[in-house]
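# Build me a model from this:
(one chain, ligands or ions: 2)
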Amino acid sequence: MGNVVSLDSIFGLGQLAPPAVMPAAPETASGCSSSSCGSSDGPADMDPAVWEKVKNHPCYSEEAHHYFARMHVAVAPACNIQCNYCNRKYDCSNESRPGVVSEKLTPDQAIKKILAVAQEIPQLSVIGIAGPGDSLAAAGKNTFATFEMLQKKAPDLKLCLSTNGLALPDHVDTIAQYNIDHVTITINMVDPEVGAQIYPWIFYKHKRWTGLDAAKILHEQQMLGLEMLTSRGILVKVNSVMIPGVNDEHLLEVNKAVKSRGAFLHNIMPLISDPAHGTYFGLNGQRGPTAQELKVVQDACEGGAKLMRHCRQCRADAVGLLGEDRGEEFTADKIEAMGFVEYDDEARRTYREHVESERAGRNASKAAAQADVRESIGFTVDPILIAVATKGGERINEHFGHAKEFQIYEVGPNGAKFVGHRRVDQYCEGGSGDVDTLDGVLAAINDCTAVFVAKIGGCPSKSLADAGIEPVDRFAFDYIEESALAYFKDYAERLGQGVVQSRAGQDAVIRTGALTARRA
Ligand code: CLF
Ligand code: SF4
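Residues are numbered from 1 along each chain as shown. Ligands and ions are numbered 1, 2, ... in the order given. Below is the predicted model of the structure:
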């Protein structure tokens, strides 16, 4: 474990500026090149051409989200439908947290901002347009103007857009023309009866439609747009907002329907409902799902369209790795003050080469760790959940008190896999911990057996242990999955000896406000 140079150590993930001179690519334990190890070919069950499109996209590849950053530019203010979880004062909730307002940009301002961010963040690989309204309303004018310029100015960056799908069939040819390889459609239903509970109206062909008629048109447009995109080889991710009592059970049908039409990924996101956001659902007491309810629906969809579980419900002007928000470093006035920014892809190219090398070593060490667990404990111990404090690079490299989110891994005899994240308020501010905040952290990870951290103090360690969650710092700066497997092997032995008991599953609280509160 830990036999290749960490990207964290190279770039200091989360820091502003990369070093001026990049070190040489690290050697792997096996000494093989990335191409001979197969890491650049991707998973065995994926077409290499598809892997090439997703391997650096933080949303389309769970693995990539530990290494690569996305940036949204908020150039699309208009919308053509009304969702009951949306308040028009704020950004589109289909790909951002409700209650958040982004700084709107013109296409020219967006290009300048993208070039500036790309100079500072070598992890940047994707530019997305996800609002603040619908990217294809108003004929997608600003969206396509931005992508047309971007394609010429920064050809190494992938283009990505998100839409509610109503206007999608009209724009599929333009999407293909601009080489937009990744499109997200928010599809919350495939039955207009369900849709009528989510969408009070749509605006289509110069007319406002309501009730079942509106839901039927939206459904037909979404299915047609999805089929048109996938038939052209464009990768489609489907977002669904899980609304308990409205579409929770129905999402299995949605999963089947989008899989049969070629969707690449299905991202089931929790409804975020708060009366303070002024949405129809928020004001009428519609609640969002708990962590366990969300996981139950996601697990039930396994075997259908491949699931995305690492979505952070970003802002329409989000910048950085998915778990972080660096937008404050790149506000319009700061970008304006920068003057002319040149396109330079050298740091990004070097960074991508390092990631390729890292991946080659990672695949070998993950396989070895999994084989070790299988051989030593067989298949009799139930999987457990582990919370991890990390700031990227697939490593346990964050202090407990500095974590703004914990990544959740399910680990068992079949391996370790990322199953979600829990956003929390930072426990330690200005050198001391806050008791109320600690209670929030405990509520967020109370279904976990252990929490992996780079470092932790005595007080929070004791509170965690009292709550039945084992604080673990012995894997500090090691890889997450290998550490989780090593921990599970040890846990299974202790379980067999009666030293520890398996935890009764609790229902963790999904926290959504911590990052939003700071910038909204
Ligand atoms: Fe942005 Fe969306 Fe493209 Fe990603 S976000 S437009 S696909 S580049 Fe990603 Fe953010 Fe979730 Fe969206 S984590 S909200 S899924
Ligand atoms: Fe709001 Fe987005 Fe729905 Fe439009 S598509 S109503 S902006 S959530």
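# In space, what's closest to Lys256 - neighbours in sequence excluded?
Gly304 (5.7 Å; C-beta to C-beta, 6 or more residues apart in numbering). Glycine gets a C-beta too; all of them are placed from N, C-alpha and C.
# show me the contacts for the one you found.
Residues in contact with Gly304 (C-beta atoms under 8 Å, 6 or more residues apart in numbering) are Leu252, Asn255, Lys256, Lys259, His266.
# For the stretch 351-500 of the chain, give the residue positioned nearest to ligand 1.
For the stretch 351-500 of the chain, the residue closest to ligand 1 is His421, as judged by C-beta to the nearest ligand atom, at 10.2 Å.
# what about Pro155, which SS state?
Under DSSP: H, G, I helix; E, B strand; the rest coil, the three-state class of Pro155 is coil.
# and Asp382, how many neighbours?
The tally of other residues near Asp382 (other C-beta atoms under 10 Å) stands at 10.
# can you check Asp466 too?
By other C-beta under 10 Å, the residues close to Asp466 number 9.
# which residues of the stretch 251-400 of the chain fall in strands?
Secondary structure of the stretch 251-400 of the chain by DSSP state E, counting those that start in this stretch: the strands cover 265-270, 307-308, 319-320, 384-388.
# Figure out which of these is closest to ligand 2.
Nearest of the strands of the stretch 251-400 of the chain (C-beta to the nearest ligand atom): strand 265-270, 11.7 Å.
# contact partners of the closest one?
Counting by C-beta under 8 Å, 6+ apart, 59-60, 184, 235-242, 251, 254-255, 258-259, 288-289, 294, 297-298, 301, 304-308, 311, 313, 510, 512 sit against strand 265-270.
# That strand vs ligand 2: in contact?
No. Applying C-beta under 6 Å from any ligand atom, one finds strand 265-270 separated from ligand 2 by no less than 11.7 Å.
# in the stretch 351-500 of the chain, which spans are helices?
For the stretch 351-500 of the chain, the helices defined by DSSP state H, counting those that start in this stretch occupy 435-444, 458-466, 480-497.
# Could you export those helices to a markdown table, including columns for distance to ligand 1?
Formatted as a markdown table, these follow (distance: least, C-beta to the nearest ligand atom, whole Å):
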| stretch | distance to ligand 1 |
| --- | --- |
| helix 435-444 | 19 |
| helix 458-466 | 28 |
| helix 480-497 | 19 |
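# In JSON lines: those helices, plus mean pLDDT.
Shown next, in JSON lines, are those (pLDDT from 0 to 100):
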{"stretch": "helix 435-444", "mean pLDDT": "86"}
{"stretch": "helix 458-466", "mean pLDDT": "92"}
{"stretch": "helix 480-497", "mean pLDDT": "92"}
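# Most tightly packed of those?
Neighbour counts (mean count of other C-beta atoms under 10 Å) averaged over each of the helices of the stretch 351-500 of the chain peak at helix 480-497, with a mean of 20.
# what is the orientation angle of that one with strand 384-388?
Angle between the axes of helix 480-497 and strand 384-388 is 140 degrees (criterion: axes from the mean of the first three to the mean of the last three C-alpha atoms, to 10 degrees).
# quick one on the thing from earlier: which one of the strands of the stretch 251-400 of the chain is the most hemmed in?
strand 384-388 (a mean of 27).
# picking up where we left off before, so who does the residue of the stretch 351-500 of the chain closest to ligand 1 touch?
Contacts of His421 by C-beta under 8 Å, 6+ apart are His310, Arg312, Gly323, Glu405, Phe406, Gln407, Ile408.
# Low-confidence stretches in the chain?
Low-confidence segments of the chain (pLDDT under 70): 1-41, 96-99, 378-379, 431, 504-520.
# need the residues of it near ligand 2, please.
Residues of the chain lying near ligand 2 by C-beta under 6 Å from any ligand atom: Cys79, Ile81, Gln82, Cys83, Cys86, Cys92, Ser93, Asn94, Gly133, Asp134, Asn164.
# for those, which one is nearest Tyr204?
Relative to Tyr204, the closest of the residues of the chain next to ligand 2 is Ile81; by C-beta to C-beta it sits at 8.5 Å.
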